[in-house]
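**Student:** 3D, please:
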Amino acid sequence: MTQKKAPRTWLMVEFDIDTEHEDMASWLMIHKLGANGCELLSPSAGRSTVQASFELDRLDETQMTSVNAALDEYGLGKSVGSLRTRKIEEEDWLAEWKRGFQPLPTGERLLVCPPWLQQELTDEQRARLIILIEPGLAFGTGFHATTQFCLKSLERLKQQRRILDVGTGSGILAIGAALLLADATIVAVEIDPEACRVAAENLRINNVDHRVQLIEGEIETIKDQKFEVILSNLTCEDNVALLPEYLKLLEPSGQIVMSGILEEKSAKMRDAIQQNGLTIVQDETNSGWVGLVVANMPQIQSLNLH
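**Tutor:** Alright, predicted model coming up:
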C-alpha cells in the first residue's frame, strides 16, 4: 500500500501595521524576506493586519530575529511587539490566497491576471494584453506599486529594443516587455534558483519563453552585451550598488527604469545618479515608493518616452 504523502506546511507570520505603511510592509515580507505572498486584513482605525506566508525551509519559528531586524531597519520597529506565527497546511493556504486576488488593469494596455481567473475575464479585460502570474509563487506578482511603475514605463517605450531585466523574480517585467514590444530581444537574469524556476514556468504559460533568455546568475554573465533598456526593480541599496555596472551594459542612448526605492531613501539614489553622470527623465512617487527613469543624455527623453 502506498503511504499517503504528508501535506506541505507553511509558516504564517502576522503583525499589525499603520495603514500608511501597508505597501512597505508587503514589499518587505516578499522582496526582502522571501515570503510566498502577503495579504492585508481588517483595515480599521488606521491599522491593518499583515499576513505573510513562508515555506519552512525559507523561514521557520526559530528564525524570527530576521523578521524583527528587517522591520526595524525599514522604520517599522513598533510592529515587532505584535508579531505572531502559526502553521498552515498547503491546501488551506492555497484556498486563502485564491480568494484574495482579482485581475488588475495596469496602465492603458496590460492586465495582470491569476491563471485560475482567466476564463472569467470580461470582453473589456480580454481586450488588454494579459500577463498570467500565479500570486502564490511570489517573487513579483504585479500588485505592488514598484512593479506597476515598471510596467507602465514599458508601455511608454515605442521603439524596438534590447531589454535587460535584472532580478527578474517571477518574470513579470520580462513578460510585459515581450507582450508590449513584439520585436524586442529580452534577457532576464536572476540569482535565486527557485525564482528562476518560477520565472521559467510563468514565461511558459504566457507563451513568451521563446522570446526571453532566462539566465541564472549575476549580471557579470552578460558583461559583453549591450542594452537599450535596463529594468531594475530592486532596493535602493541594490540600485545604487549596481549603477556603475549598468553603465557598462547600457547603450549610449539607453535608459534605466529603476523602482523599489523607498521615498525616504530616494536622496541617496538621486545622488548616485548625479555622480554617475546620468539624467532623470521620469520621476514618480506612489504610496511611499519612488520610480525613476534615467538616461545617459537628456535629449533622449523626447525620442523614446512619449
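
**Student:** which intervals of the stretch 151-300 of the chain have sub-threshold pLDDT?
**Tutor:** For the stretch 151-300 of the chain, applying pLDDT under 70 flags the ranges 160, 297-300.

**Student:** right, and the helix or strand after the top strand by length along the chain?
**Tutor:** Assignment by DSSP state E gives strand 250-262 as the longest strand of the chain. Next in sequence after strand 250-262, counting helices and strands by DSSP states H and E, comes helix 266-275.

**Student:** and the next helix or strand after that next one with helix 266-275, angle?
**Tutor:** Remark: after helix 266-275, the chain's next helix or strand is strand 279-286, criterion DSSP H and E. Counting by axes from the mean of the first three to the mean of the last three Cα atoms, to 10 degrees, strand 279-286 lies at 170 degrees to helix 266-275.

**Student:** name every strand pairing with strand 279-286 and say which way it goes.
**Tutor:** Strand 279-286 pairs in its sheet with strand 289-295 (antiparallel), by DSSP bridges.

**Student:** pull the partner strand out as PDB, backbone CA atoms only.
**Tutor:** Extracted in PDB, the C-alpha atoms of strand 289-295 (Å, rounded to 0.1, in the frame of the first residue of the first chain):
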ATOM      1  CA  TRP A 289       7.800  54.300  -3.300                       C
ATOM      2  CA  VAL A 290       9.800  56.200  -5.900                       C
ATOM      3  CA  GLY A 291      10.200  55.100  -9.500                       C
ATOM      4  CA  LEU A 292      12.800  56.700 -11.800                       C
ATOM      5  CA  VAL A 293      13.800  56.500 -15.400                       C
ATOM      6  CA  VAL A 294      17.300  57.700 -16.000                       C
ATOM      7  CA  ALA A 295      19.300  58.300 -19.200                       C
END
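
**Student:** got the buried residues for that strand?
**Tutor:** Trp289, Val290, Gly291, Leu292, Val293, Val294, Ala295 (16 or more other Cβ atoms under 10 Å). No exception for glycine: its C-beta is placed from N, CA and C like everyone else's.
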